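A.B. asks: give me a model of this one.
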Amino acid sequence: MFKATVIVTLRRSILDPQGQAVHHALHNLGYAAVTQVRMGKVVELWIDTPTAQAAERIAREAAEKLLANPVMEDFHVTVTPLDVATPAG
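C.D. replies: Numbering: from 1, shown residues only. Down below sits the predicted model:
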């Protein structure tokens, strides 16, 4: 059993108004050292496959077909093994 973490972010060429709003708010709170904010989403998938490579392939396919918009978003996948006794929720 593996957990695949898919991090989806807007492409650098795409305007990120939510990230800009958070950046502005952080500056208002005194965090002037923060120079840029990009918002995104994290999707965790518990995948029951015999190998990490198979789990990564499934996660990448899911990201390409459903989780990320290939026109506007990029994604990054990491896979970690899970103890079978680890609860999914």
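A.B. asks: correct me if wrong: residue 80 contacts residue 45.
C.D. replies: No: under the criterion of Cβ atoms under 8 Å, residue 80 makes no contact with residue 45, lying 11.3 Å away. C-betas here are computed from N, CA, C, even on glycine.
A.B. asks: which one of those two is surrounded by more residues?
C.D. replies: residue 45 (17 against 10; other Cβ atoms under 10 Å).
A.B. asks: which residue packs closest to that one, ignoring adjacent ones?
C.D. replies: residue 4 (4.5 Å; Cβ to Cβ, 6 or more residues apart in numbering).
A.B. asks: just residue 10 next, same as before
C.D. replies: residue 16 (5.1 Å).
A.B. asks: what about residue 44, neighbour count?
C.D. replies: 10.
A.B. asks: that one and residue 3: what is the separation?
C.D. replies: 6 Å (Cβ to Cβ, to the nearest Å).
A.B. asks: now the strands for this structure?
C.D. replies: Under the criterion DSSP state E, the chain contains strands at 2-10, 40-47, 73-81.
A.B. asks: ranking those strands by burial, who's on top?
C.D. replies: A comparison of those by mean neighbour count, using mean count of other Cβ atoms under 10 Å, puts strand 2-10 on top with a mean of 18.
A.B. asks: which stretches of this protein have low pLDDT?
C.D. replies: 84-89 (pLDDT under 70).
A.B. asks: residue contacts, residue 40?
C.D. replies: Residues near residue 40 by Cβ atoms under 8 Å, 6 or more residues apart in numbering: 7-10, 73.
A.B. asks: quick one: contacts for the closest residue to residue 56 other than its chain neighbours?
C.D. replies: Ranked by Cβ to Cβ, 6+ apart and with sequence neighbours excluded, the top spatial neighbour of residue 56 is residue 79, at 4.8 Å. Taking Cβ under 8 Å, 6+ apart, we find residue 79 in contact with 2-5, 47, 52, 55-56, 59.
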